[in-house]
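Novice: based on what follows, work out the 3D shape:
(chains A, B, C and D)
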There are 2 protein chains.
Amino acid sequence: MAQKIKLSTIAESLGVSTATVSLALRDSPLVAAATREKIKEQSRALGYIYNRRAASLRTSRSGIIGVVVHDIQNPFYAEILKAIESELDRSSHTFILSNHYDSVEKQRNFVETLLQLGGDGVIMSPAIGTPREDLELAENNGMPAILVARSVENLDLPTYRGDDSYGISLATNHLIGLGHRTIAMVGGTDQTSTGRDRYQGYVNALKKANIPVDPALRIAGPRSKQGGFEAAVHFLSLPQKPTAAVCWNDLVAIGFMNGIARAGLMPGRDISVTGYDDLEEAAIATPGLTTVWNGQSEVGRLAARALLDKLSGSHEPDGIHLIKPEMRIRQSTAPLHRS
Amino acid sequence: MAQKIKLSTIAESLGVSTATVSLALRDSPLVAAATREKIKEQSRALGYIYNRRAASLRTSRSGIIGVVVHDIQNPFYAEILKAIESELDRSSHTFILSNHYDSVEKQRNFVETLLQLGGDGVIMSPAIGTPREDLELAENNGMPAILVARSVENLDLPTYRGDDSYGISLATNHLIGLGHRTIAMVGGTDQTSTGRDRYQGYVNALKKANIPVDPALRIAGPRSKQGGFEAAVHFLSLPQKPTAAVCWNDLVAIGFMNGIARAGLMPGRDISVTGYDDLEEAAIATPGLTTVWNGQSEVGRLAARALLDKLSGSHEPDGIHLIKPEMRIRQSTAPLHRS
DNA sequence: AGGGGCCTTAAAACCGTTTACTTAAAATTT
DNA sequence: AAATTTTAAGTAAACGGTTTTAAGGCCCCT
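Specialist: Numbers count the residues shown, from 1 in each chain, chains lettered A, B, ... in the order given. Got it, this is the predicted structure:
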């Protein structure tokens, strides 16, 4: 690195102006084809590196899009991210990822950093307890925001997520249809819209089947494999002896099945288990996990599209867009048999 | 957003110069304490947002650090990332993540984008087949690079990774010690240094125990749960009837155990299985997975530290730093018993 | 009273691109 | 051949900070 190569370096070496070089490199028809080629050639030869911060300072567009979710390692979000990525890739946007681990502060820091970098837009799955000011911060500074997977009350931002209430009722109905009557709900929290919706879907399905709702059958909290694993102990000690469990998501369900298996019972035969999300892993779990597809790929794709549309000026309607979940039946659920 | 608030906005509103504001906001002792406070107060009141690209244009430091690995969704890399993140967090650096999915092109694009953004440094786990020019590209443009998890031949970049050959021999020896003689190696590829090292470790351990090495016992390829799951079929059809499997990593091992279980056999009793990495998941798998801790957290921490040190001027020695793996024995391995 | 030193703030150059405006040359029209 | 249009390239002013250098005001000293 003898010295930084910049537009003017190329310009001088060729005896033209920097304006010409700038235009040529961006394929402007304002510069003659021959000159354009010569410039591009020279740029390559010198190993020129485009300085985005300078450009962005001038144009006030950075090509950066931020994405912040609870935990990118969580396969559910990972699948959303993958969809976002592939949608964004073809539009030459760079994206910056971050976890907030449900820390409002971490999330705010991220949004602020993004603003400092001149981010063009942000896609977020808001942390639990996000105050509206934090979300408005982005919008107020000219950085459009799109929400995924979770919504925030009283805030009119475009939101894409699965229809949780409907989805979980699919799973619950499936178990009821198999003859189960004592059905536990394992995992989840009331602190997110998702949590409330899912619990509501479970309650609704039971009520519709005239099954009394017993709050003791709700094991709230777990949202990870580890959590599901630990919940199994609690589950097996319940006096009501449930025969089935509707789990918060696939991770909880898989951990839960492992916990059940550790206790010498066989999930799918002794206890029926449903998951939620239909992660890739659900199909290869033992037994194969009956679950509900939550539309991750659609959520990601649509959210990215919506943001790109907004950036290019078209005004998408705000509000919540629900993706319809679908049932995926495998071996972890079976008809109730008396023991 | 009536109008963008910038340094000059604050300056004018207070009747001072932009220079004073700039210095005050960065706690320079050059500006009187009283003025400093007044300026900070006003900055907060107006909702000023620091423009990093402008600053970075002048200072040529961006505070951005890039990290590119094979797949951030892979828990092995996720654990490394977590360690990097926590190390970087306390130094007010923003980091940008990317997967390369072992595509050299995707990786090169990332490095180039990072250069355009003025990245201060990059931590990478190089894609299979990365040519040295691609790695030198970063260094040549003043962006120091640190390697993790994989090394590249004939290139003197600081590298942090586990001692694969030693680690896999730990696992192999453990199985040999339990009486196993026909031991398969499931997964991995010869195209990475890691792959070659692990296979070598396996071969060495067998040789030392005077067990003939049978190439047919190597099921090369799988590196994911799905891959491990599918490899189980192949494994069970081997004419040599192996009684144990040394798996490429925990993911392969878990998938493999699921595959074995699907066939009606019980991993840990009928077939002994070892993993590699000691992911969080290994402990809660059924049965608990015997595996080798690969030092992910150390790798991440040390790599981040090394980069930060380099950025602050101190000259760390280049070359490969090996982290010593450790055995973690659980229930997926058991003494050989004749059936 | 004049000058040296210190503290605080101001002025101005600079970072690398983009872009509106201008100019020069070439091509076309009359 | 002069006038006009088209095309190609150059000029210079932003963009929003940082940083070096200089200047103004005040106190203290001899």
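Novice: against A:Ala54, how distant is the closest residue to A:Leu7 other than its chain neighbours?
Specialist: Leaving aside its sequence neighbours, A:Leu7 sits nearest to A:Thr18 (CB to CB, 6 or more residues apart in numbering or on different chains; 4.4 Å). Yep, even glycine has a C-beta here, placed from its N, CA and C like the rest. Here A:Thr18 is placed at a distance of 11 Å from A:Ala54 (CB to CB, to the nearest Å).
Novice: more neighbours: which of the two?
Specialist: Shown here are A:Thr18 and A:Ala54; by other CB atoms under 10 Å in any protein chain shown, A:Ala54 has more neighbours (17 against 14).
Novice: pLDDT of the strand or helix carrying A:Ile168, averaged?
Specialist: Assigned by DSSP states H and E, A:Ile168 belongs to helix A:164-177. For helix A:164-177, the mean per-residue pLDDT is 96.
Novice: what residues does that helix touch?
Specialist: Defining contact as CB atoms under 8 Å, 6 or more residues apart in numbering or on different chains, one finds that helix A:164-177 is touched by A:183, A:194, A:197-202, A:204-206, A:209, A:211, A:244, A:246, A:272, A:274, A:276, A:290-292, A:294, A:324-327, A:329, A:333.
Novice: now do 7 Å
Specialist: The contact list for helix A:164-177, computed with CB atoms under 7 Å, 6 or more residues apart in numbering or on different chains, reads A:183, A:194, A:197-198, A:200-202, A:204-206, A:209, A:244, A:246, A:272, A:274, A:276, A:292, A:294, A:325, A:327, A:333.
Novice: sitting in strands, which of those do you find?
Specialist: Residues from the contacts of helix A:164-177 lying in strands, with DSSP state E as the criterion: A:Ile183, A:Ala244, A:Val246, A:Ser272, A:Thr274, A:Val292, A:Met327.
Novice: tell me which residues in the helix holding A:Ile168 are buried?
Specialist: A:164-176 (16 or more other CB atoms under 10 Å in any protein chain shown).
Novice: most widely separated two among those?
Specialist: Across the buried residues of helix A:164-177, no pair lies farther apart than A:Asp164 and A:Ile176, at 18.3 Å, counting by CB to CB.
Novice: not counting its own residues, what contacts stretch A:122-138?
Specialist: Under the criterion CB under 7 Å, 6+ apart, residues A:65-70, A:77, A:84, A:100, A:102-104, A:107-108, A:111, A:114, A:143, A:145-150, A:152, A:155, A:157, A:191-192, A:303, A:307 lie in contact with stretch A:122-138.
Novice: go again with 8 Å.
Specialist: With contacts defined as CB under 8 Å, 6+ apart, stretch A:122-138 is touched by A:65-70, A:77, A:80, A:84, A:100-104, A:106-108, A:111-112, A:114-115, A:143-150, A:152, A:154-155, A:157, A:189, A:191-192, A:303-304, A:307.
Novice: need the distance between the two termini of that stretch.
Specialist: The first and final residues of stretch A:122-138 sit 8 Å from each other (CA to CA, to the nearest Å).
Novice: now it: average pLDDT?
Specialist: Rounded mean pLDDT across stretch A:122-138 is 94.
Novice: and what of stretch A:76-91?
Specialist: 92.
Novice: flag every buried residue along it.
Specialist: By 16+ other CB under 10 Å, the buried positions in stretch A:76-91 come out as A:Phe76, A:Tyr77, A:Ala78, A:Glu79, A:Ile80, A:Leu81, A:Lys82, A:Ala83, A:Ile84, A:Glu85, A:Glu87, A:Leu88.
Novice: show me which of these neighbour chain B.
Specialist: Counting by CB under 8 Å from any CB of the partner chain, A:Ala78, A:Lys82 from the buried residues of stretch A:76-91 sit close to chain B.
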